[in-house]
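1. need coordinates for the below:
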Amino acid sequence: MLRARVLEERLITMYKKGEGYFWIGGPGEEAFNVPLGLLVDKGQGLDHDYLHLHYRSSATLLAMGADPVDSIRQMRNLATDPYSRGRNFAGHFSIRKWNVVPVSSPIEVQFSIAIGTARAQRAAKGITIVQGGDAGTAEGDFATSLVWSSRKGQELPLLMIVTNNRYGISTPFAGQHGYDQIAERGKAFGMRTAVVDGNDPEASYTALKHAIDYVRTERKPYLLEAMVSRLRGHSSASGANVAKGEIDCLDRFEQTLEDRKLMTRGKMEQLRERYMEELVEASNRVRNEPAPTPESAWEYIFASENLVGGKS
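-> Prediction:
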């Protein structure tokens, strides 16, 4: 959780120094996103879990084993960025070997795309996990996912996750929805649902494990809503400044660790200093790595071979 937070702080600093064009990320969602990354069945192919994430999922990727330096490369739009070769915004991950489907900027489209991998996994071992924010649930893609995953006799092994920070870009949750909890929408489709305190990593781990085990065993959909915080606004478009009055899951968990005598405050500060130094060093080091060349603009646009029919 701490490493993910320090990474986001480093990316925000880079943006404010002009070392990146745009920032969007997940400070405040670490207590939920880290357990998710620890619980997924990581691998490639239908027998492993497919992940359709959004741009606030850096903590999930770090928990899965991603190198935080690669997020710095993407922030600088370098050719060495393994997620998009310098072609996308921060937090837009794509890892084929782990079934991490490319994160897209348009909100909630991943809920429609996830239907495809979930359908393909009906006779496989893996499940599909799709995650988005609360504002995006007003999009038709979310409703489409509810309908297609819950048809009687043709249910899909799909875990739908809504991380609810109670804001769209600038529109508060209150007054925008006709229900108290987004999870209530799943009940009309006969789906299992739950709401969890996403600022509590222990509660989040338990809720996620229950949901994942259910989908994996029953091969049916599940809608999980996690109540989280938005500590840095929507993105750099709104300044990326620290928000007031929000629960900080990291501060709260550090206090829990201290109260239980599992970790001292001094050890926590040492870890923070170490992670900060590592990322500052990495940020300086990657400055010498190349940017994409103009000639590479057409790469990764058209397939070089017929991936459906085989090589010609």
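2. just give me the residue closest to the centre of this protein.
-> Nearest to the geometric centre of the chain sits residue 57, at 2.2 Å (Cα atoms, centre = their mean).
3. ok, it touching residue 33?
-> Yes. Using Cβ atoms under 8 Å, residue 57 is in contact with residue 33, at 5.9 Å. Every residue, glycine included, has its C-beta placed from N, CA and C.
4. how about stretch 77-91: buried residues?
-> 77-78, 80-81, 83-91 (16 or more other Cβ atoms under 10 Å).
5. what of stretch 88-105?
-> 88-95, 98-104.
6. one more: stretch 170-178?
-> Using 16+ other Cβ under 10 Å as the test for burial, stretch 170-178 gives residue 177.
7. what does that stretch rub up against?
-> Residues outside stretch 170-178 that contact it (Cβ atoms under 8 Å, 6 or more residues apart in numbering): 134, 135, 137, 138, 164, 166, 167, 168, 234, 238.
8. show me those residues that map onto strands.
-> Under the assignment DSSP state E, those contribute residue 164 to strands.
9. just put the contacts of stretch 170-178 in TSV and tack on pLDDT, distance to residue 67 and neighbour count.
-> As requested, these are exported to TSV (pLDDT from 0 to 100; distance: Cβ to Cβ, whole Å; neighbours: other Cβ atoms under 10 Å):
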residue	pLDDT	distance to residue 67	neighbour count
134	96	30	22
135	93	30	23
137	96	32	23
138	93	35	15
164	97	30	21
166	93	32	16
167	91	30	18
168	88	32	16
234	92	26	17
238	87	28	15
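10. switch the contacts of stretch 170-178 over to CSV; also include distance to residue 174.
-> What follows is the contacts of stretch 170-178, written out as CSV (distance: Cβ to Cβ, whole Å):
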residue, distance to residue 174
134, 11
135, 12
137, 15
138, 14
164, 12
166, 8
167, 10
168, 11
234, 17
238, 18
